[in-house]
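Participant: predicted structure and sequence below. I'll ask about it afterward.
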Amino acid sequence: MNNFTFQCPTKIIFGRGTEDQAARELKPYGNKVLLHYGGGSIKKSGLYSKVVKSLKDEDFEIFELSGVKPNPRLSMVYEGIKLCREKNIDCILAVGGGSVIDSAKAIAVGVPYNGDVWDFFIGKAMPEAVIPLGVILTLPATGSEASNSCVITNEDGWYKRGLNIDLIRPKFSILNPELTYTLPPFQTACGVADIMAHVMERYFTNTPHVELTDRLCEATLRTVIKNTPVVMENPRDYDARAEIMWAGTIAHNGLLGTGRQEDWTSHKIEHELSGIYDIAHGAGLAVVFPAWMKYVYKINVNRFVQYAKKVWDVETNLSDPEATALEGIKRLEQFFKSIGLPTTLKELDIPSDRFEEMAQKCVKFTPIGGLKRMTSEDIVNILNLAK
Ligand code: NZQ
Ligand code: ZN
């Protein structure tokens, strides 16, 4: 096990009716709040009126910035920073999925910074201050509600880039599984693929002696695999929604990666896909992850055998470990298909003409890959496997 520091200070408030607590939680940070949300799902569900009422009850002055798009854009982040500065806003409340939260995180670090917030996403500077951020989560997927990450797309060149720093973890996040009842099945499935990918990016490592986190990863994956068909059948199954929602946070708050080298190749490739083709992040991962697995499994067959056995109950073929490993990868693909996700680029209408460009962009700023360090040629090979 490697040395590590783990600090996840985000306060999680979980359960029915907990959204009512947001205003009270924000109170210590001031009385001018930026209410940040997406394209209207929270208005349709009635959550918006509830939140506005509770903020007014606590005497907040509310400034709204809505219209965050999936794969959130830098232009809106600039808009948010400008608004916060002009109105002297004290804190932000993000209500929505990962895109809204990430947009809010970028605004939160951008407000106190003198330069261009994009500097943080290209490694030109690191944030040193932040304005406080609270979250009401409506989509279990990205784990952004407690993660140290924030992913933004710069429309100038369609670069989708992440910033990772503990400073951007929200002060609190409210998770009410009932708020996820309105998710369309495809969005639920995309969220599930993302949650599983966050665990698997950490699970597939060459670091030895990471038993505890291996078991935690397997338990998280198994819980998601078991409960997903339940919510597909009955979207209002509270307990199954709750299991998935909590798994989404656990998968990406950093705990499961403690003491081990992580990989993240599949995410980096997916960010190129969703940066250019504007696809749902989880759908892109359902295509890229199995392709990456097929490309790298021979590097650490034993780990892939363990995954097949412990996550998918594949029977061990002692004379042919590679067959066991491949069966585990096949089960993952079958699972994604069974919940309505694509597993090929063709299904996403993505042609091969920009593979080279995406591969170059992928390795441009930082080296990628923990299990295997990737060159741009490797990335093209993986994309070809995903066709
Ligand atoms: O915009 P609204 O109207 O709210 O609709 C959204 C959006 O259209 C809708 N939705 C959300 N909650 C709903 C709902 N519809 C009905 N009922 C609800 N309860 O779902 C659509 C997708 O929302 P979005 O926030 O884009 O999805 P997700 O949570 O998957 O976020 C994806 C973004 O997060 C990034 C991804 O790359 C992508 O940009 N990621 C962020 C990470 C992080 N910060 O830690 C890590 C991830 O690996 C990921 O890269
Ligand atoms: Zn992800």
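Facilitator: Structure received. Ligands and ions are numbered 1, 2, ... in the order given.
Participant: count of neighbours near I244?
Facilitator: A count of neighbours around I244, defined by other CB atoms under 10 Å, yields 25. All C-beta spots, glycine's among them, are computed from the backbone N, C-alpha and C.
Participant: within range of ligand 1, give me the residues from the stretch 201-350 of the chain.
Facilitator: Contact residues, the stretch 201-350 of the chain versus ligand 1 (CB under 6 Å from any ligand atom): 252, 267, 274, 281-282.
Participant: how far away is N317 from A308?
Facilitator: 10 Å (CB to CB, to the nearest Å).
Participant: can you count the residues close to the closest residue to ligand 1 within the stretch 251-387 of the chain?
Facilitator: Ligand 1 sits closest to H281 of the stretch 251-387 of the chain, with a gap of 3.8 Å, by CB to the nearest ligand atom. Counted with other CB under 10 Å, the neighbours of H281 add up to 26.
Participant: look up how far A189 lies from it.
Facilitator: On the measure of CB to CB, H281 and A189 end up 12 Å apart.
Participant: what do you get for F365?
Facilitator: For F365, the distance to A189 - CB to CB - is 31 Å.
Participant: higher neighbour count, those two?
Facilitator: Neighbour count, other CB under 10 Å: between F365 and A189, A189 has more, with 24 against 12.
Participant: so the more buried one lies in a strand, does it not?
Facilitator: No. Using DSSP: H, G, I helix; E, B strand; the rest coil, the secondary structure at A189 is helix, not a strand.
Participant: could you find the closest non-adjacent residue to it?
Facilitator: I339 (4.2 Å; CB to CB, 6 or more residues apart in numbering).
Participant: swap in A242?
Facilitator: P177 (4.2 Å).
Participant: that neighbour and D237 touch, don't they?
Facilitator: No. Contact between P177 and D237 fails when scored by CB atoms under 8 Å: they sit 9.1 Å apart.
Participant: out of those two, which sits in the busier spot?
Facilitator: For P177 versus D237, the count of surrounding residues by other CB under 10 Å is larger for P177: 24 against 17.
Participant: distance check, the more buried one against ligand 1.
Facilitator: Applying CB to the nearest ligand atom, to the nearest Å, the value for P177 to ligand 1 is 10 Å.
Participant: rewinding a little: for burial, what's the neighbour tally of the nearest residue to the residue of the stretch 251-387 of the chain closest to ligand 1 once chain neighbours are set aside?
Facilitator: Nearest non-adjacent residue to H281, counting by CB to CB, 6+ apart: S274, 5.4 Å away. S274 has 22 neighbouring residues, counting by other CB under 10 Å.
Participant: repeat for the one 5 residues further on
Facilitator: Other residues within reach of I279 by the criterion other CB under 10 Å amount to 22.
Participant: quick one: it is in a strand?
Facilitator: No. Counting by three-state DSSP, I279 is not part of a strand but coil.
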